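>>> Could you look at this predicted model? Sequence included:
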Amino acid sequence: MLNPNIPPNPRQATGQPFPGHFLIAPNAVVLAKAFTGDLRHRVSGSALVFEYLSTNGEPTITIESEALRAHVTLSSQRLFGGQEMSVIVDLEIFDGWHIYAESVIAPYVPLAIDIDTAGDLLALQRFVMPAPVQLDFASTGESLPVHDGRIRIFGRARLRWSPPPSMFGGLEEAVSRRAITPGAYRLQGEIRYQACSETLCLEPVVERFELPLVVEANVPPNPSG
């Protein structure tokens, strides 16, 4: 499908295709697919593989508290500007505890995950929470959405677009102002939740974590080709 947002230009082909990626099994079955609505954005190939297999060789950050243990893993720790990576958060909520789901109403504090809350690397992030269970509280007469046991949260995070080195004279300064400087970064993140047992509710918690990330340098255009 061609991108209708690009106006006709007699000097080039009309329209450009929306980026699309497929994960295809040896028997030609499509296992997963991903599309973006902008030519500048791409889903990294490792993201689809990671989401399908739910495992890879990347390091995992582990956070542990009184009520739970969290493991955070990226599909890849090397990306180009404009690429999307997958983020998997595995929560092991200890026996006797539960945490409130994102649909819970105040004054209870819902589970939430934010990546790069203090930085300027990401242009997009989204997380899909698993379905909660309804827990009845006889003492208050409430039925509230909670998580307990083991849950897995799938997410995507996209680096903001970083323009490639310009092949047109006079645009180098404008390009450099928008570009991400290649190199090693520490991706900031946090998990927010409130944990309760049958007899005790802990104060809401914000668990901070960092993940290493390398931003690759864009390849300069080839003026001859």
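Everything's here; your move.
>>> Mind pulling the model confidence for the closest residue to Gly81 other than its chain neighbours?
Setting aside the residues directly before and after it, Gly81 is nearest to Ser162 in space (C-beta to C-beta, 6 or more residues apart in numbering), at 2.5 Å. For every residue, glycine as well, the C-beta is placed using N, CA and C. pLDDT for Ser162: 85.
>>> how many neighbours does Ile88 have?
The number of residues packed near Ile88 is 20, by other C-beta atoms under 10 Å.
>>> Roughly how far does it sit from Ala123?
20 Å (C-beta to C-beta, to the nearest Å).
>>> Return the distance of stretch 146-153 from the chain's centre.
18 Å (C-alpha atoms, centre = their mean, to the nearest Å).
>>> what about that stretch, start to end distance?
End-to-end distance of stretch 146-153 (C-alpha to C-alpha, to the nearest Å): 14 Å.
>>> buried set for that stretch?
The neighbour-count check on stretch 146-153 (16 or more other C-beta atoms under 10 Å) flags Val146, His147, Asp148, Ile151, Ile153 as buried.
>>> Likewise for stretch 43-60?
Val43, Ser44, Ser46, Ala47, Leu48, Val49, Phe50, Glu51, Asn56, Glu58.
>>> just stretch 106-125 next, same as before
Neighbour-count burial for stretch 106-125 flags Tyr108, Val109, Pro110, Leu111, Ile113, Ile115, Asp116, Leu121, Leu122, Ala123, Gln125 (criterion: 16+ other C-beta under 10 Å).
>>> and the third one, what does it touch?
Shown in contact with Pro110 (C-beta atoms under 8 Å, 6 or more residues apart in numbering): Tyr100, Ala101, Glu102, Ser103, Val104, Tyr193, Gln194.
>>> Spell out for me the ChimeraX command that would select the buried members of those residues.
Command for ChimeraX, covering only those of these found buried under the criterion 16+ other C-beta under 10 Å:
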select :100,101,104,193,194
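>>> Residue ranges in the chain under the pLDDT threshold?
For the chain, the stretches with pLDDT under 70 are 1-17, 166-172, 174-175, 220-225.
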